[in-house]
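J.: coordinates only, sequence not included:
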Ligand code: CS2
Ligand code: MG
C-alpha cells in the first residue's frame, strides 16, 4: 500500500482552516487538521514544500515510522509550524488506518474508556450580569461544565468576550487589532464574577476560567486563592508557561486546580510541569502537539502523576481536529474534559461530521476513522482571508501578552 498523493486545502468559511488530504493507491483517503491560527500559510508551505514530497510512495500503514521520519528527519525539531504539519499527516494516517480496518479510531487505540466525553462551553458577556445570563443559557443547553469570561470595567476588549455569544472569534482583522490590558482591574473583577455565578446557580456545575497567560506568578497565586470559594474545575493559563518554575510559586499558595498546554507542541513542553506535579490538567491538542501518536505519549506521562487531559478545542481548531480529539478523549484513561466551542453553520457544512453534542457530552460517532470529511467544492467557495488575533498593550503603551 502506498501514499499516492497528498494536498492541502485552505478554506475560510468564517475563519481559516488548513486541511491535509492524503490519498492512497487503494482508493482510501484520510484527512488531518493543520490549522495554526494567524500563521496558517506557514504550515501550508511546510507541508507542500517539505513534507508532501517525502510522503509520496510511503506506506501509509506505518504511522509510527512516518511520525519519527518527519520529527527526527527534519533535524530542526518541535515548534508550532512543524508540529502542526506532523499532526496533520498523523491524523490523516489514523483516519486511513481506521477506514482500512473498518473501525473508529477509539477502537484502534484500545477501545472506549467512557460512553460520553464531557465538554465545557464558553459563557461570556460584556459585564457580570451578561455573563451570569450566558452561564444560565449554557445550563439550559445541558452543559455540565462552563467556562466564564467577562468584560472588565475600564478595559476595552478583554480576552474571551466576543461579539457573538455562541461563536466567539477574536481573529477578525486583516492586521492585528489593538486591545488594552490592566491586570489590576482584572484581578479586582474576576472573583466578583464567580461569586455571583455561584450565588445564582449554586455548585452543581463545573466552572472554568482562562487567564490567557496574563498574570505574573504572584498575581496568579492571588487569583487562585481568591477563587477558592468558587471551587473552580480549573484556572487555565494563569501565567506564561515558558518559565515552568513559575507554577511552583502558584502551587504554594492555592489549591485551585491549574490547567495549561494549549500552546504546547511536544512532550518536552509538558515534561517538567507534569513530573513536578505543578498542574492538574494538560491541555495539549491533536493539531498543535504532533497528532494522536504524540498526544498519546503526553497523556501516558501525565497519567502516572494523576494529571488529566483537557484538550484545547477553540473554534480555530477545525472540525477535523475536534473529530480526532473526541476519539482520543473516548479512549484516553486519564481523561479530564474537552473544550467545545461551536463552529459556525458554514464551517459545519464544509466539514460534514459524525460527532454530536447531547446533554453536556459529546459522542465521536462510530464511523471508521475519525468520522470527519471535507466538502471540497464547498470549501473552494471560501478562499483564504488574512485574519489575526488581536495584540494587547498596557495603558501606558507597553506591549503585553494576548
Ligand atoms: C483559548 C483560545 O480556547 C481557549 O482556551 O485560549 O481562545 C485561544 O486564544 C485561541 O485558540 C488562539 O488561537
Ligand atoms: Mg485558553
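T.: Alright, I've got the coordinates. None of the values given here were measured: they were computed from a predicted structure. Ligands and ions are numbered 1, 2, ... in the order given.
J.: please tell me how far the closest residue to ligand 1 within the stretch 251-400 of the chain sits from residue 236.
T.: As assessed by C-beta to the nearest ligand atom, ligand 1 sits closest to residue 314 within the stretch 251-400 of the chain, at 3.4 Å. Heads up, the C-betas are built off the backbone N, CA and C, glycines and all. According to C-beta to C-beta, to the nearest Å, residue 314 and residue 236 sit 12 Å apart.
J.: common neighbours of those two, please.
T.: In the contact map built from C-beta atoms under 8 Å, 6 or more residues apart in numbering, the residues linked to both residue 314 and residue 236 are residue 262.
J.: and the two? Which one has more around it.
T.: Neighbours around residue 314 and residue 236, counted as other C-beta atoms under 10 Å, are more numerous at residue 236. The numbers are 24 against 18.
J.: point to the helix or strand of the protein where mean pLDDT is at its lowest.
T.: Least confident helix or strand of the chain, by mean pLDDT, DSSP states H and E, is strand 178-181 with a mean of 94.
J.: pairing partners for that one, with directions?
T.: With DSSP bridges as the test, strand 178-181 is paired with strand 391-394 (parallel).
J.: the strand it pairs with near ligand 1 at all?
T.: No: Strand 391-394 is not in contact with ligand 1 by C-beta under 6 Å from any ligand atom; minimum separation 11.7 Å.
J.: show me which positions of that strand end up buried.
T.: residue 392 (16 or more other C-beta atoms under 10 Å).
J.: the most centrally placed residue in the chain: which element?
T.: Centrality entry for the chain: nearest residue to the mean C-alpha point is residue 312, 2.2 Å, by C-alpha atoms, centre = their mean. Assigned by DSSP states H and E, residue 312 falls within no helix or strand.
J.: mind listing what the spatially closest residue to it that is not a sequence neighbour touches?
T.: The shortest distance from residue 312 to any non-neighbouring residue, by C-beta to C-beta, 6 or more residues apart in numbering, is to residue 262 (3.8 Å). Residue 262 makes contact with 236-237, 283-285, 288, 312, 314, according to C-beta under 8 Å, 6+ apart.
J.: re the thing from before, what's near enough to touch the residue nearest to the centre of the chain?
T.: 261-262, 283-285, 288, 339 are the contacts of residue 312 under C-beta under 8 Å, 6+ apart.
J.: just the residues you listed: which are in strands?
T.: residue 339 (DSSP state E).
J.: the contacts of residue 312: which ones sit near ligand 1?
T.: Counting by C-beta under 6 Å from any ligand atom, the members of the contacts of residue 312 that reach ligand 1 are 262, 339.
J.: show me the beta-bridge partners of whichever residue of the stretch 201-350 of the chain sits closest to ligand 2.
T.: Nearest to ligand 2 in the stretch 201-350 of the chain, going by C-beta to the ion, is residue 210, at a distance of 4.3 Å. In this structure, residue 210 bridges to residue 236 when assessed by DSSP bridges.
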